[in-house]
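Enquirer: Sequence plus the predicted model coming up.
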Amino acid sequence: MRKPLDSTTDGWLCGLAGVLIFSGSLPATRLAVLGLDPLFLTGARATLAGALGALLLMLFRAAQPERREVWPLVIVALGVVVGFPLLTALALQHVSSAHAIVFVGLLPLSTALFGVLRGGERPQPVFWLFSALGSAAVVAFALRHGADASPIGDALMLAAIVVCGLGYAEGARLSRRLGGWQVICWALVISLPVMVPLAWWFMPASFANVGAASWWGLAYVSLFSMLIGFVFWYRGLALGGIAGVGQLQLLQPFFGFVLAALLLHEAVPPAMIAVTAIVIGCVAGARRFGRATPAPARAS
């Protein structure tokens with residue numbers, strides 16, 4: 001009989017599954033904005049995922065959030081349902097997905113900081129050294145290649161990282177009480193009164209010129225990036241710790257580069273690979289020193 005996984009290992013495995021799913025988000029978004037307006041894409045992906053989330057909540061008869069949980073759910077919605085998708089879609093009109101993926105290396109630091117501020121975690125001091133080293137490598141790359149990039153695109157990506165880190169930490173904190181899939185479903189449902197009108201208002205007059213690649217991109221970010229990925233990710237953060245499991249995002253640029261090269265035929269400069277190798281090397285150290293006292297978890 002197989003020994004069941006401990007909660008920490010389960011959390012890291014769920015977190016890795018979430019990272020693998022999220023790795024396709026920026027390449028898929030890049031495909032989608034080739035034929036769809038970023039504002040329509042933001043509203044459409046949240047509307048489609050919100051409809052599925054509402055269906056899941058009804059099918060499984062999920063309990064409604066308590067009043068004290070509504071505002072944190074709004075923060076989650078603003079961070080990961082509205083903020084990150086919209087800001088990245090706008091950024092990808094100015095930079096390639098390969099360039100934007102590098103900024104994802106800053107997400108672990110952003111998530112860890114909000115994990116301390118909002119989740120009450122206290123990683124060991126050495127943890128911050130590894131986290132900062134990985135983030136510094138990303139920033140150095142962005143500054144080194146600033147002439148080849150877009151200041152507007154970079155600023156939008158940095159803003160996206162901040163709001164996403166907040167949404168991740170807040171969602172993980174809620175997952176300990178509500179459960180991982182319930183958090184993202186309720187956040188999506190809460191956003192529907194805004195996202196449905198947004199999608200309707202910015203819907204193109206005709207879809208005749210929208211290619212199949214854009215539709216596939218919309219389908220991926222709606223189903224996987226907006227819903228399925230968060231089921232694994234919030235469970236992982238809740239069980240394994242926000243700061244520690246959050247460092248798995250350092251692997252996301254690597255997987256994203258591979259997808260960008262395979263699907264979009266984008267060039268991946270050697271410097272990008274070098275930066276990715278550095279930040280991946282920081283994961284082991286961050287994992288070892290990122291353990292915090294776990295809070296009671298209910299991340300079903």
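Expert: Nice, thanks for sending it over.
Enquirer: which residues in the stretch 101-250 of the chain form helices?
Expert: In the stretch 101-250 of the chain, the helices defined using DSSP state H, counting those that start in this stretch lie at 107-119, 125-144, 151-178, 180-201, 212-220, 229-240, 242-246.
Enquirer: Out of those helices, which gets nearest to L56?
Expert: Taking CB to CB, helix 180-201 is the member of the helices of the stretch 101-250 of the chain nearest to L56, at 5.5 Å. For glycine as for every other residue, the C-beta is placed from the backbone atoms N, C-alpha and C.
Enquirer: okay, the helices of the stretch 101-250 of the chain, which one's buried deepest?
Expert: helix 242-246 (a mean of 31; mean count of other CB atoms under 10 Å).
Enquirer: which stretch in the helices of the stretch 101-250 of the chain has the least confidence?
Expert: With a mean of 74, helix 125-144 has the lowest mean pLDDT of these.
Enquirer: just how off-centre is it within its chain?
Expert: Remark: helix 125-144 is offset 19 Å from the chain centroid, using CA atoms, centre = their mean, to the nearest Å.
Enquirer: tell me the angle of it relative to helix 107-119?
Expert: Here helix 125-144 runs at an angle of 130 degrees relative to helix 107-119 (axes from the mean of the first three to the mean of the last three CA atoms, to 10 degrees).
Enquirer: so what secondary structure elements neighbour helix 125-144?
Expert: Packing contacts for helix 125-144, counted by 3 or more CB pairs under 8 Å, 6 or more residues apart in numbering; DSSP states H and E, involve helix 97-103, helix 107-119, helix 242-246, helix 270-289.
Enquirer: Summarise which helices and strands the shortest one is packed against.
Expert: Helices and strands touching helix 242-246, by 3+ CB pairs under 8 Å, 6+ apart, are helix 7-22, helix 107-119, helix 125-144, helix 151-178, helix 229-240.
Enquirer: who touches the nearest residue to A132 once chain neighbours are set aside in this structure?
Expert: Closest residue to A132 apart from its sequence neighbours, by CB to CB, 6 or more residues apart in numbering: L109 at 6.8 Å. Going by CB atoms under 8 Å, 6 or more residues apart in numbering, L109 touches S131, A132, G134, S135, G165.
Enquirer: Good, wrapping up.
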